[in-house]
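Asks: here is a sequence together with a model predicted from it:
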Amino acid sequence: MENAATKLDPTLVRIALVLVLGMAAPALDATIVNVAIQTITAELNTDISVAQWLTTSYVLVLGIAVPLSAWLVNRFPAKKVYLASIGIFFAGSAGAMFTWNMESLIAFRVLQGIGAGILMPVMQTILVRYSGGQKLGRLMAIISIPAAVIPILGPTAGGLIVHYLPWRWIFAINIPICIASFIFLAKILPPAEAADKEQRLDLIGLILLASAFCTLIFGISGLRGDNTCAAAVKISAGIVLLLVYCVYVLLGKQAPLLDVRLFKRRNFSASTALLFVFGMVSTGTLFVLPLFFQQVYGTTAFVAGMLLAPQGIGMLLTRSTAGKLVERVGAKSVAITGVLLILLGTIPLAFLENGANIIWPALALLVRGGGIGVMSIAIMVAIYDGLDAKEAAQGTTAMRIFQQIGGAFGTALFAIILSHGLASPGNAHVSLAFAAVFWWSAGFAAVCAIPAICLNGKKAEV
């Protein structure tokens with residue numbers, strides 16, 4: 001039983017729940033659109049080379065919106081910023097419903113990307129500020145619900161819509177969600193003053209940071225193609241832009257969007273390093289898992305998506321307990337526990353071959369999902385440890401950037417390993433190819449223990 005001192009404030013719970021509702025539409029949209037790309041391409045009479053901009057443009061705009069959100073949530077009242085971002089996403093979704101060609105659809109996807117890119121960072125910053133850093137573990141567990149539920153519902157909903165309804169319904173379902181979240185947020189979210197009304201937009205820093213982020217993402221994603229030389233050039237250019245940004249911040253006097261001086265703090269550096277490697281392990285392996293079920297077990301794409309449900313269930317089962325444990329023992333012990341669970345859920349996948357009972361990968365993914373749920377809560381709390389109200393926005397920006405880059409790198413790396421394995425001769429090469437990927441994934445999961453050990457072992461102080 002929880003006493004009055006440890007029980008969550010009902011007002012904070014309501015705030016967290018309405019913030020989650022605001023994120024539901026962008027999270028669902030991200031998974032559904034990928035399912036419908038082939039159908040959209042055929043109906044709008046275009047090809048995949050053009051249709052891929054539905055995803056590429058979205059990621060490009062996210063790269064600009066994420067660092068911009070740090071300034072917006074400091075310069076203006078957070079409530080107004082969040083409501084405005086929902087309105088922008090709503091406008092993009094409504095426009096996409098009535099699009100007349102691929103070019104107009106891409107334009108409305110850009111509008112969606114602006115709204116979504118601001119929503120997630122602002123949501124976490126709002127929660128940190130309203131909670132005052134108290135009981136942050138359980139609050140982060142609440143706002144992580146979409147990350148666990150959407151991978152289960154998204155592909156299924158997308159498949160049903162594309163099969164039974166016009167593809168425009170994949171955008172239509174966002175409309176009632178956006179309207180409901182806007183109304184509830186307007187009523188429930190308390191007004192608050194801007195953290196720094198005088199903060200000017202660091203336009204040069206925004207251009208440098210956004211350019212570095214987008215260039216790295218495109219370069220890393222390009223490693224999966226044939227032109228690895230071009231991808232390497234883009235990655236090198238992205239690293240150079242990051243270095244230029246660091247020099248610019250250290251020599252400049254203007255308040256930066258992401259202050260690189262924060263990396264002098266051990267806990268912040270450890271958290272961001274853990275985010276990068278964790279992004280590789282979670283996102284990169286998620287790219288391979290549907291292919292594993294299709295090629296090793298011979299399932300359809302729809303069934304393969306359904307077989308990922310145990311991982312999402314594992315995330316749901318552990319998030320609440322992880323949130324309470326972070327508050328009691330700190331992020332360090334919880335993160336290390338997450339590493340062990342991910343290893344226990346990943347290594348068995350490397351031993352599965354064609355004909356193995358489907359229950360074994362289901363159990364492994366359940367445990368693996370539990371580890372991912374535990375790890376994500378620990379990181380979401382740890383990165384804010386020691387940050388003040390204005391720095392909280394920068395912590396969120398760093399979280400989104402490092403996790404996105406890590407996810408892109410992991411996806412590209414595991415895709416390369418898998419493609420090399422599948423090109424090998426012999427009947428057993430398919431199972432062996434996927435086994436190699438799972439061993440690499442387990443190896444990077446083990447690497448997560450290094451920055452996890454460096455996290456603060458005490459309860460977070462925000």
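Replies: That came through fine. Residues are numbered from 1 along each chain as shown.
Asks: count the neighbours of Ile161 for me.
Replies: Counted with other Cβ atoms under 10 Å, the burial measure for Ile161 works out to 21 neighbours. No exception for glycine: its C-beta is placed from N, CA and C like everyone else's.
Asks: quick one: contacts for it?
Replies: 32, 36, 167, 169-170, 173 (Cβ atoms under 8 Å, 6 or more residues apart in numbering).
Asks: tell me the spacing between it and Trp167.
Replies: 7 Å (Cβ to Cβ, to the nearest Å).
Asks: need the residues touching each of those two.
Replies: Residues touching both Ile161 and Trp167 (Cβ under 8 Å, 6+ apart) are Ala36.
Asks: just the buried members of the contacts of Ile161?
Replies: The neighbour count (16 or more other Cβ atoms under 10 Å) marks 32, 36, 167, 169-170, 173 as buried among these.
Asks: lowest pLDDT pick from those residues?
Replies: The lowest pLDDT within those belongs to Ala36, which sits at 71.
Asks: these two touch, right, that residue and Ala157?
Replies: No. The pair Ala36 and Ala157 fails to qualify as a contact (Cβ atoms under 8 Å) at a distance of 10.6 Å.
Asks: and Gln429, what is it in contact with?
Replies: Just to correct that, residue 429 is His rather than Gln. Going by Cβ under 8 Å, 6+ apart, the list of residues near His429 reads 421-422.
Asks: now with 10 Å?
Replies: Under the criterion of Cβ atoms under 10 Å, 6 or more residues apart in numbering, the contact list for His429 reads 421-423.
Asks: so the spatially closest residue to Leu455 that is not a sequence neighbour: helix, strand or coil?
Replies: Taking Cβ to Cβ, 6 or more residues apart in numbering as the measure, Leu455 lies nearest to Lys332, with 4.2 Å between them; neighbours along the chain are not counted. Using DSSP: H, G, I helix; E, B strand; the rest coil, the three-state assignment for Lys332 comes out as helix.
Asks: ok, now Thr46?
Replies: When the structure is reduced to helix, strand and coil (three-state DSSP), Thr46 reads as coil.
Asks: contact partners for it?
Replies: Thr46 is in contact with 40, 53, 101-103, 105, counting by Cβ under 10 Å, 6+ apart.
Asks: flag the least confident of these.
Replies: Comparing pLDDT over the contacts of Thr46 singles out Trp53 as the least confident position, at 71.
Asks: burial of the closest residue to that one other than its chain neighbours, as a residue count?
Replies: Sequence neighbours aside, Ile106 is the residue nearest to Trp53 in space, at 5.1 Å (criterion: Cβ to Cβ, 6+ apart). Here the count is done by other Cβ under 10 Å, and Ile106 has 19 residues near it.
Asks: now swap in Thr41 and tell me
Replies: 18.
Asks: and for Ile336?
Replies: One way to gauge burial is a neighbour count; for Ile336, by other Cβ under 10 Å, it gives 18.
Asks: again, but for Lys197
Replies: Lys197: 10 neighbours (other Cβ under 10 Å).
Asks: list the contacts of it.
Replies: For Lys197, the contact set (Cβ under 10 Å, 6+ apart) comprises 74-77.
Asks: tell me the mean pLDDT for stretch 309-325?
Replies: The pLDDT scores in stretch 309-325 average 84.
Asks: common neighbours of Ala36 and Ala157, please.
Replies: Overlap between the contact sets of Ala36 and Ala157, as judged by Cβ under 10 Å, 6+ apart, is given by 169-170.
Asks: show me what counts as buried in the helix or strand containing the residue nearest to Trp53.
Replies: According to DSSP states H and E, Ile106 maps onto helix 102-131. Of all the residues in helix 102-131, those buried under the rule 16+ other Cβ under 10 Å are 102, 105-106, 108-131.
Asks: which residues touch stretch 409-418?
Replies: 216-217, 219-225, 228, 231, 235, 276-288, 291-292, 295, 430, 433-434, 436-441, 444.
Asks: distance check, Leu44 against Ile175.
Replies: Computed with Cβ to Cβ, the distance linking Leu44 and Ile175 is 21 Å.
Asks: and those two? Which one has more around it.
Replies: Comparing Leu44 with Ile175 by neighbour count (other Cβ under 10 Å), the higher total belongs to Leu44, at 17 against 14.
Asks: count of residues packed around the residue nearest to Cys178 when sequence neighbours are not counted?
Replies: Nearest in space to Cys178, with sequence neighbours left out and distances taken as Cβ to Cβ, 6+ apart, is Phe90 at 4.0 Å. For Phe90, the tally of surrounding residues (other Cβ under 10 Å) stands at 21.
Asks: same thing with Thr11?
Replies: Neighbours around Thr11, by other Cβ under 10 Å: 11.
Asks: for Phe98, same thing?
Replies: Phe98, neighbours per other Cβ under 10 Å, totals 11.
Asks: residue ranges with poor pLDDT in the stretch 1-150 of the chain?
Replies: Segments of the stretch 1-150 of the chain classed as low confidence (criterion: pLDDT under 70) are 1-9, 31, 34-35, 37-38, 47-52, 55-56, 131-137, 143-144, 146-148.
Asks: and if we set it to 90?
Replies: Scanning the stretch 1-150 of the chain for pLDDT under 90 picks out 1-82, 96-107, 109-110, 112-150.
Asks: now do the helices in it.
Replies: 10-43, 48-51, 53-75, 78-97, 102-131, 136-143, 145-164 (DSSP state H, counting those that start in this stretch).
Asks: now do Gly314 against Thr411, distance only.
Replies: Computed with Cβ to Cβ, the distance linking Gly314 and Thr411 is 21 Å.
Asks: with Gly395 instead?
Replies: For Gly395, the distance to Thr411 under the criterion Cβ to Cβ works out to 25 Å.
Asks: of these two, which one has the most company?
Replies: Under the criterion of other Cβ under 10 Å, the comparison of Gly395 against Thr411 puts Gly395 first, with 26 against 22.
Asks: right, and that one touches Gly386 too?
Replies: Yes. Contact criterion Cβ atoms under 10 Å: Gly395 and Gly386 qualify, at 9.5 Å.
Asks: what's the nearest residue to Phe171 if we skip its chain neighbours?
Replies: In this structure, Phe171 finds its nearest non-sequential neighbour in Ala96, 4.1 Å apart by Cβ to Cβ, 6+ apart.
Asks: how about the helices of the stretch 301-450 of the chain, start to end?
Replies: With DSSP H, counting those that start in this stretch as the definition, the stretch 301-450 of the chain shows helices at residue ranges 301-306, 309-329, 331-346, 359-382, 389-422, 429-447, 449-453.
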